[in-house]
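Engineer: Quick one, structure for this:
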Amino acid sequence: MYKPEITVATVIEQGGRFLLVEEETEQGIQLNQPAGHLEADESIQEAAVRETLEETSYHVAPDSLVGIYLLQYTLEKSEKISFLRFTFSGKIVSKRDQPLDSDILRAVWLTYEELVASRHRHRSKLVLKSVEDYLKGQRVPLSVLSTCFVERNKEL
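Structural biologist: Residues are numbered from 1 along each chain as shown. Now for the predicted structure:
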């Protein structure tokens, strides 16, 4: 059975600039929001906080959900892969002194105009789409998300 991978990302704006990362990928150095995969035993919001911290050293507090995006790729031999991406907005709480994930070269702050001009370097179309949705004021309260941890063979 086919299952999409669940990913998270954050749109962090400060002083008219957006927090992005330059990361080493199979396609070369690309720009992305701080983003990554949901891990076991964490909520979607916790994953967004963790990934942003690991990739930028900024501890953030999500304040709303900007959007839920389905990104689908066709790879070699017609193999399909999909990512269900939950993108949050939030504020910086603190900066920590810690190394970044090994594939992250650095965190960068770009204006919207710089982001548009660099679209050829974006990891996916969702980089710009997420920022544009954020700038349009698209926000959903975090209360729409909930996480239930259940042990197998226990009542739901």
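Engineer: so what's D97 closest to, chain neighbours aside?
Structural biologist: S57 (7.1 Å; C-beta to C-beta, 6 or more residues apart in numbering). All C-beta atoms are positioned from the backbone trio N, CA, C, and that covers glycine.
Engineer: same thing with L135?
Structural biologist: Nearest to L135 is Y112, by C-beta to C-beta, 6+ apart, at 6.8 Å.
Engineer: One more: V49?
Structural biologist: V60 (6.0 Å).
Engineer: pretty sure the one you found is in a helix, no?
Structural biologist: No - assigned with DSSP: H, G, I helix; E, B strand; the rest coil, V60 falls outside any helix and is strand.
Engineer: ok so, going back, backbone torsions only: list them for the residue nearest to D97.
Structural biologist: Per-residue torsions, S57: phi 70, psi 10 (degrees, to the nearest 10).
Engineer: Enumerate every residue touching it.
Structural biologist: K95, R96, D97, Q98, L100, A107 (C-beta atoms under 8 Å, 6 or more residues apart in numbering).
Engineer: any idea how far I29 is from the closest residue to the second one other than its chain neighbours?
Structural biologist: Which is R96. The spatially closest residue to R96, leaving aside those adjacent along the chain, is S57, at 5.1 Å (C-beta to C-beta, 6+ apart). S57 sits 19 Å away from I29, going by C-beta to C-beta, to the nearest Å.
Engineer: List the residues that contact S94.
Structural biologist: Y58, H59.
Engineer: swap in V60?
Structural biologist: T10, I12, A48, V49, T52, L53, G90, K91, I92, V93.
Engineer: where along the chain do the helices fall?
Structural biologist: 44-56, 112-117, 126-135 (DSSP state H).
Engineer: Ranking the ones you listed by mean neighbour count, which comes first?
Structural biologist: Neighbour counts (mean count of other C-beta atoms under 10 Å) averaged over each of these peak at helix 44-56, with a mean of 21.
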